[in-house]
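> how would this look folded up:
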Amino acid sequence: MAATILVVEDEEPILNLVVAYLKADGFAVHTARDGESALMLAQTLQPDLIVLDLLLPGMDGLEICRRLQRDGGPYVLMLTARAEEVDKVVGLSVGADDYLTKPFSPRELVARVKAILRRRRHTSVASPAESALLTFRDLQIDVARREVQRRGVPVTLTAREFDLLYTLAAMPGRVFTREQLLERVWGHDFDGVDRVVDVHISLLRRKLEDDPTEPTLIQTVRGVGYKFTG
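Next up is the predicted model:
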């Protein structure tokens with residue numbers, strides 16, 4: 001069954017080009033030209049992936065991405081005219097899974113879309129051995145349901161935050177380098193920046209730790225990376 005892609009872009013020439021290449025590769029493609037329409041269509045269509053322009057009239061791509069990821073929404077490939085690393089990190093930190101800087105090759109866009117969808121199949125389906133409830137003191141991670149509770153209270157995580165937490169918590173005490181986390185959580189096809197790991201760790205700590213500045217669950221191993229202590 002063809003994956004459903006929602007393309008959100010207000011520049012018609014770019015929109016038409018992206019749609020043509022995605023349809024030629026067999027995807028079911030829908031379009032929106034502004035943020036409000038994008039959110040309504042995302043709720044109705046439940047797309048597998050959204051190609052999302054950063055600069056849109058009214059609501060920008062960052063805000064759209066934030067709202068989509070509140071309930072662990074679809075994967076997002078962000079299009080941006082900005083090349084600065086800080087803009088890429090901000091986009092990734094609000095839930096985008098990858099990004100392309102304009103101008104871009106439409107063939108590369110299709111390749112990135114396929115890579116993200118492959119990554120989704122690998123990371124979103126738990127094997128029978130992984131379908132247990134992981135419990136650490138006052139933290140519970142339901143792998144099959146992709147739900148987290150702290151002291152019995154649900155904790156809302158984005159899809160990427162959950163994948164990162166599970167990767168660490170599945171092997172308590174093991175130290176992961178940033179490169180290992182990028183490969184396991186974002187996939188070997190991800191051509192991003194190491195700082196996105198730090199940003200997501202910071203976001204997890206804000207949601208899970210009593211004092212994010214003195215973390216007890218996810219600890220930094222200086223000069224190496226991170227480990228989950230539980």
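> where in the protein is pLDDT low?
Residues of the chain that meet the criterion pLDDT under 70 lie in 1, 71-72, 83-91, 119-131, 188-194.
> now R67: which helix or strand?
helix 61-69 (DSSP states H and E).
> which elements pack onto that helix?
Applying 3 or more C-beta pairs under 8 Å, 6 or more residues apart in numbering; DSSP states H and E, one finds that helix 61-69 makes contact with helix 35-45, strand 49-53, strand 75-80, helix 85-93. For glycine as for every other residue, the C-beta is placed from the backbone atoms N, C-alpha and C.
> ok, which of these comes nearest E209?
Taking C-beta to C-beta, helix 85-93 is the member of those nearest to E209, at 17.4 Å.
> neighbouring strands for the helix or strand following that closest one, and are they parallel or not?
Remark: after helix 85-93, the chain's next helix or strand is strand 98-101, criterion DSSP H and E. Strands adjacent to strand 98-101 in the sheet, as given by DSSP bridges, are strand 75-80 (parallel).
> can I get the strand it pairs with in CSV? Just the C-alpha atoms.
What follows is strand 75-80, C-alpha atoms only, in CSV (Å, rounded to 0.1, in the frame of the first residue of the first chain):
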residue,chain,number,x,y,z
TYR,A,75,7.3,12.1,10.5
VAL,A,76,8.4,15.5,9.0
LEU,A,77,10.8,16.4,6.3
MET,A,78,11.4,20.2,6.7
LEU,A,79,12.2,22.4,3.8
THR,A,80,14.1,25.6,4.6
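> show me which residues of it are buried.
Neighbour-count burial for strand 75-80 flags 75-80 (criterion: 16 or more other C-beta atoms under 10 Å).
> ok, so of those, who is nearest D198?
Nearest to D198, judged by C-beta to C-beta, of the buried residues of strand 75-80 is M78 at 18.9 Å.
> is that closest one bridged to anything, and to what?
L52, Y99.
> which residues are in contact with the helix holding R67?
Under the criterion C-beta atoms under 8 Å, 6 or more residues apart in numbering, residues 8, 35, 38-39, 42, 50, 52-56, 74, 76, 78-80, 90-91, 94-96, 158-160 lie in contact with helix 61-69.
> narrow those residues to those that are buried.
8, 35, 38-39, 42, 50, 52-54, 56, 74, 76, 78-80, 90-91, 94-96, 158-160.
> quick one on the thing from earlier: same list (the helices and strands packed on helix 61-69) but as TSV, adding distance to V19.
Output for the helices and strands packed on helix 61-69, formatted as TSV (distance: least, C-beta to C-beta, whole Å):
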stretch	distance to V19
helix 35-45	14
strand 49-53	9
strand 75-80	13
helix 85-93	22
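> to E147, which of these lies closest?
The closest of these to E147 is strand 75-80. By C-beta to C-beta, the value is 18.9 Å.
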